[in-house]
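Student: Attaching a predicted model along with its sequence, questions to come.
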Amino acid sequence: MFSSSSPEVYLLVSAGLVGITVQLFLQSQRVSSSSRRSARHHDVIAKLNAIPTVGSTNWGGSWRSAIKNIRGTSGVVQEGYNRYKNVPFKIPLLYNWMVVVSGAKLLEEVKAAPDDQLSAAEGTNDFLKIAFTMGHRVANEPYHFVVIKTQLNRKLSSLCPIVEDEISVALSEVFSSQEWKPVVALEAIQKVVSGASNRIFVGLPLCRNPDWLEFGLQFAVDSLSAARRAFIFDDIISRIIASLVTSTESQVGRAVEFLGPIIRERQKIADRARSGEVVNMPDDFLQWLIDTGIETTEREITQRILVMVFASVHVTASSLMCAVYNLAAHPEYLEPLREEVDTVVRQHGWTKAATDKMYKIDSFLKESLRLGGASSLIMLRKVLKDFTFSDGRVIPRGCYISAPSCAIHHDEEFYDKPNAFDPFRFVRPRSNGKDMKQGMVSLAPDYLAFGHGKHACPGRFAAAMIQKTILAHIVSSYDLKLDDDAPASCRTVEFGIFIAPDPTTTVLLRKRAT
Ligand code: HEM
């Protein structure tokens, strides 16, 4: 994780400046060698000039702004939103421009654009450097998205009780003290989320193997950290940086040591089933991947499981940690939450039907996501063909488009007292308790935690089930508070567009006293 003053930032910036010089030289050669390219260049400049810029517009100034943006973009995005709400504006990146779009009408237009014009895959790939950190097959053939939608999301009801089982085991390992005890919140929550997610991904007994869980968490942290280092550069430089700071090949090799024997065993079971024997087929993500038959080698299947761990564990744990911190900061909400959890679990047991009825828990998590969030910009799209908004503004090919999620989530046009933590604000509009549009997984142009449109997070239903079950368990089994000198809201660290809770944050916990 980076701090904004990290020497690593300066090192990377220096490396980047060398890269930029080389890149500019190559670009100048390209532009001068072709008058057609030069005409295109002028056309692009004219289109870009029509989009207001936040920060300096001259050459040197925009480089300085771009370097400043490496440390964090939330400030500049908020400034742009204050000045140009509902109008596209741009901020400089080292090699490119990010066009920030707000307002329901324009966001609908982004949402409706075809993938070959505004590409979510290429936007995410450029910012998370998936091809370099996870491999080209994962970046270019994301069939695991389909497995999430067709298998995982349909089986959440049957998965819920086994995930709950995993959560109660993991929670009793990380939080066991009868007395008040400081706990490093992110580390503890990551262990619990990792146990629950791996129960879905690889099943028992691997989901309880501490070496596998630790390996998976470290893989997710390393990949994100490598992506953060590489994202500021274009493909040529990031390929070099990624090769210096990632060891994907050796990490996949290590993961195969855990998963290889299981995959071989699963293949034997499938052979027995094919020969007519009645067998109990495992029902987890690993099996669903194998069943597609799209990838067959141990390495390929293992890499898919790793990408699932990467996509799910870190962000689910980080946002849940913010909610746990908010609960420790406001222990007065424990009682109403306990009352709700006790009532629905008495009626429905620890089932999906119960989590679906935990409206206050849901609202508490949604409010924490609104105020927290993993990124200052969401709905990242790369412009593959010039894109024209209905107001006539053209976003040229090659730029990025995104939505200012944090700024929108703090806008008083959409939220009453937007900076206040109001954990039950989404319960109140559910007059009959059934307005699903208020739920944490609902999508709207003024609530972008999971994105918007056809590329919105497909894993949000599983994330919500896991987060609600963990928070409900914490509420019903533990007391929480903060140290007297702790800040009222969770500290975060920022790098570029990414925001994460401070990993050193502690909360005080003990087993429920009454
Ligand atoms: C609280 C936890 C989570 C948050 C806040 C979150 C947020 C997001 C966001 C903002 C996007 C981009 C949406 C867009 O571009 O419009 C996304 C995409 C994605 N998420 Fe999540 N996510 C979470 C958990 C998960 C989990 C648990 C999984 C897997 C089970 C998952 C799998 C994915 C995948 C595969 C995509 C790419 C979708 C696409 O490009 O079509 N996420 N997520």
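Tutor: Thanks, I have it.
Student: list the contacts for the residue nearest the centre of the chain?
Tutor: What sits nearest the mean C-alpha location of the chain, by Cα atoms, centre = their mean, is Val315, with 4.5 Å. Residues in contact with Val315, defined by Cβ atoms under 8 Å, 6 or more residues apart in numbering, are 374, 463. All C-beta spots, glycine's among them, are computed from the backbone N, C-alpha and C.
Student: next SSE after the helix or strand harbouring it?
Tutor: In this structure, Val315 sits in helix 298-329 according to DSSP states H and E. Toward the C-terminal end, the helix or strand that comes next after helix 298-329 (DSSP H and E) is helix 334-348.
Student: now that following helix and helix 298-329, what's the angle there?
Tutor: Using axes from the mean of the first three to the mean of the last three Cα atoms, to 10 degrees, the interaxial angle of helix 334-348 with respect to helix 298-329 works out to 130 degrees.
Student: outside of helix 334-348, which residues touch it?
Tutor: The set of residues that contact helix 334-348 without belonging to it, under Cβ under 8 Å, 6+ apart, is 327, 354, 357-361, 364, 424, 471-472, 475-476, 479-480.
Student: which among those residues end up buried?
Tutor: Buried positions within these, assessed by neighbour count (16 or more other Cβ atoms under 10 Å), are 327, 354, 357-361, 364, 471-472, 475, 479-480.
Student: In the stretch 301-450 of the chain, which residue sits closest to the ligand?
Tutor: Of the residues in the stretch 301-450 of the chain, the one nearest the ligand is Ser312, at a distance of 3.3 Å by Cβ to the nearest ligand atom.
Student: List the contacts of that residue.
Tutor: Counting by Cβ under 8 Å, 6+ apart, Ser312 has contacts 197, 459, 462-463.
Student: before we move on, the earlier item: mean confidence score for the helix holding Val315?
Tutor: For helix 298-329, the mean pLDDT works out to 95.
Student: And for stretch 75-90?
Tutor: Averaged across stretch 75-90, pLDDT comes to 96.
Student: Also near the ligand: which of the contacts of Ser312, exactly?
Tutor: 459, 462-463 (Cβ under 6 Å from any ligand atom).
Student: Name the residues of the stretch 51-200 of the chain found near the ligand, please.
Tutor: By Cβ under 6 Å from any ligand atom, the part of the stretch 51-200 of the chain that sits against the ligand consists of 120, 124, 145, 148.
Student: which of those has the most neighbours?
Tutor: Within those, neighbour counts (other Cβ atoms under 10 Å) peak at Ile148, which reaches 21 neighbours.
Student: Wait, a helix at that residue?
Tutor: Yes - if the criterion is DSSP: H, G, I helix; E, B strand; the rest coil, then Ile148 is within a helix.
Student: What sits closest to it if chain neighbours are left out?
Tutor: In space, Ile148 comes closest to Pro458 once its chain neighbours are excluded; the distance is 4.5 Å by Cβ to Cβ, 6 or more residues apart in numbering.
Student: what's around the one you found, how many residues?
Tutor: A count of nearby residues for Pro458, using other Cβ under 10 Å, gives 20.
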